[in-house]
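1. Dropping the sequence and predicted coords here.
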Amino acid sequence: ELARNVAKLVKPPKPEQAEVKFLEVPEVARFLEAAQHSEYFALFHTALFTGARLGEILALQWRCVDLKRATMRIDFTLYWEGGQWYLKPPKSKRSRRLIDLPKSVVATLTEHQQDQQRIHTELGTLWSGSTFVFGQYNNRPRDERSIERGFERVLKLADLQRIRFHDLRHTHASLMLKAGSHPKAVSERLGHASVAFTLDTYSHVMPGVQEEAVSRFEALLGGAR
C-alpha cells in the first residue's frame with residue numbers, strides 16, 4: 001500500500017480548445033435568407049440572435065418567454081439519453097439567465113406563436129404556457145438530430161461553409177464583441193462561468209476590438225499630449 005497517492009503529482013494534459021468558427025455579417029444575411037425556406041426558421045433566428053445553446057432552446061417553454069417585455073428565461077436544458085428526453089436545470093447558476101430579445105426575434109416569435117396556436121386549435125390539441133416553443137404538435141420536444149439536419153440543408157442552400165449548429169452561438173458572441181458590446185454583457189448573455197472564459201474563447205475577435213477602442217480613446221482626448 002502506498003503512503004501517498006502519487007497520481008496527484010501528475011498534471012493531466014489540458015484538452016485542446018476546439019477551433020471557434022463563426023459567420024461574418026454578409027454570411028449571416030445569406031443564412032437567414034436561406035433559412036426562410038426551413039420549417040425551423042424561428043428556431044434558427046432565435047439561436048443566432050440570443051446565443052442560446054441548442055439544448056436550452058429545445059427546452060424553452062412559452063411560460064419562459066415574455067414577448068411584451070422582450071425577454072426569454074433559460075431555466076432548463078434538454079438531454080436525450082437512450083431514446084428518451086429529460087429536462088434538467090443547467091449545469092451552473094450562471095447558465096440560468098434572462099436574455100433580452102431583439103425586436104426582430106420578438107416579431108418572429110410572435111408570428112411563430114400565432115401559427116402554433118392555430119395549428120393546435122385545428123388539431124384539437126392543448127396549447128398552454130408549458131407548450132414547448134419549438135416542439136412538435138404532440139408537445140414533445142424535437143430531436144436534436146432533426147434540427148442539425150435542417151441546419152445543414154440551410155447552409156447548403158446558402159452556399160456557406162459547413163459549421164456546427166453550436167457555431168451560431170459563437171457567431172452571436174463574436175459579432176456582439178465586434179459591435180463593441182462589453183465582454184461582461186456578452187458573458188452574462190451566454191451564461192459563461194466568467195468574463196475571463198469569454199475573453200479567452202473569443203480572443204480571435206479581440207485584436208480588432210482593442211484597435212477600435214484605442215482609436216476611440218485617442219479621439220476622446222483630441223490628440224492631447
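-> Now that the structure is in, tell me what you want to look at.

2. Counting by contacts, list what the helix or strand harbouring T108 packs against.
-> Secondary-structure element containing T108, defined by DSSP states H and E: helix 103-123. The contact analysis (3 or more CB pairs under 8 Å, 6 or more residues apart in numbering; DSSP states H and E) places helix 103-123 against helix 41-50. Bear in mind the C-beta positions are built from the backbone N, C-alpha and C, glycine included.

3. Distance check, D75 against E19.
-> From D75 across to E19, the span is 31 Å (CB to CB, to the nearest Å).

4. nope, Y202 is what I meant
-> Y202 is 12 Å from E19, by CB to CB.

5. which of these two has more neighbours?
-> Y202 (22 against 8; other CB atoms under 10 Å).

6. List the buried residues for the helix holding T108?
-> Buried residues in helix 103-123, defined by neighbour count with 16 or more other CB atoms under 10 Å: 105-106, 108-109, 112-113, 116, 120.

7. ok, then the element right after it?
-> That would be, after helix 103-123 and using DSSP H and E, helix 144-157.

8. I'd like the mean pLDDT over the helix or strand that that next one is followed by, please.
-> Counting by DSSP H and E, the next helix or strand C-terminal to helix 144-157 is helix 167-178. For helix 167-178, mean pLDDT rounds to 95.

9. Just give me the closest of the buried residues of helix 103-123 to F41.
-> T108 (7.5 Å; CB to CB).

10. so the closest one sits right up against F44, yeah?
-> No - if you go by CB atoms under 8 Å, T108 and F44 don't touch, sitting 9.6 Å apart.

11. what's the burial count for the nearest residue to T171 once chain neighbours are set aside?
-> Nearest non-adjacent residue to T171, counting by CB to CB, 6 or more residues apart in numbering: F22, 4.0 Å away. The local packing of F22 (other CB under 10 Å) involves 20 other residues.
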